[in-house]
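Participant: Mind looking at a prediction? Sequence and model below.
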Amino acid sequence: MAPRIQRGRLRLVEPVVRSPEGEVAATPVPVERTEIQAQEPVRSARRNREVYANLPDAQLVALGAEGDVRALELLYRRHAPFAINLATRIEGSPRDVEDIVHDAFLRAFERLRDLTDRSAFRGWLGAIVVHAVRSRMRRGKLLNLLGLGRASEPVDLDALTSPDASPHVRAQLAQIYALLGTLPADDRIAWTLRAIEGHELEAVANLTRCSLATVKRRIARAQRFLDEHFVDPASKDEPDSQGLPT
């Protein structure tokens, strides 16, 4: 009767070799099969990461809607810089921006099944971020009116400008954000998205979830206000709208 092989104890060994004198020759040290198998999960995980990294947003959204944590993580890593930059530009300061963005992602992930155009995740997330910033601005103004708000922080020019920006540009930007802070949140957001972020009017309408006509009115109101109150730091004599982002 053939010997029964015990499962789980299979070893990869060389056959026993006997010398002419009948002595058993030395055999190689056995290699456990499990040592080879232990490397497979690492290779498999690496392959899976590469596969996920190459997936378009539409497929990641589909997977994430089914609870795939890896797909959600990749969506976050792929779009968090955009969301943080968007919120910072509207706010004028990175204060509380990370909390705003984290909340926006949570809302987006909870509603992934509602996204009909799965390839439009970035713009959809941007609209959620804009709405969150708008709510925060309006809540802050209300608290200030009630005397319960905290002192507003100065504009963080380092977070808004490139390192090689001239002092003149930085002074212009500081004044613009100071003026924007006095505007209604809707006008401020629409103008910032158009003039500072450089979005097309249709994109601004999508991000603010309003009609194109409404966006144009908000931007026009904000621009008139800035034209009337902006003073070029270079002149310090007469109002000058030159140098404003367009």
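Facilitator: Okay, I see it. Quantities reported herein were computed from a predicted structural model and do not represent experimental measurements. Residues are numbered from 1 along each chain as shown.

Participant: For the spatially most central residue of the chain, which non-adjacent residue is closest in space?
Facilitator: Central residue of the chain (Cα atoms, centre = their mean): residue 80, 1.3 Å from the mean position. Distances taken as Cβ to Cβ, 6 or more residues apart in numbering place residue 101 nearest to residue 80, at 6.4 Å, with adjacent residues excluded. All C-beta atoms are positioned from the backbone trio N, CA, C, and that covers glycine.

Participant: is it true that the one you found touches residue 85?
Facilitator: No. Using Cβ atoms under 8 Å, residue 101 is not in contact with residue 85; the gap is 9.8 Å.

Participant: If we go by neighbour counts, what in stretch 119-137 is buried?
Facilitator: The neighbour-count check on stretch 119-137 (16 or more other Cβ atoms under 10 Å) flags 120-121, 124-134, 136-137 as buried.

Participant: swap in stretch 73-85?
Facilitator: Residues 74, 75, 76, 79, 80, 83, 84, 85 are the ones in stretch 73-85 that count as buried (16+ other Cβ under 10 Å).

Participant: so the third one, which of the three states?
Facilitator: Per DSSP: H, G, I helix; E, B strand; the rest coil, the secondary structure class of residue 76 is helix.

Participant: Isn't it up against residue 108?
Facilitator: No. Under the criterion of Cβ under 8 Å, residue 76 is not in contact with residue 108, lying 9.4 Å apart.

Participant: other SSEs contacting the helix ranked longest in the chain?
Facilitator: Using DSSP state H, we find that the single longest helix of the chain is helix 121-145. Packed against helix 121-145 by the contact rule (3 or more Cβ pairs under 8 Å, 6 or more residues apart in numbering; DSSP states H and E) you find helix 57-65, helix 69-91, helix 97-110, helix 185-191, helix 201-208.
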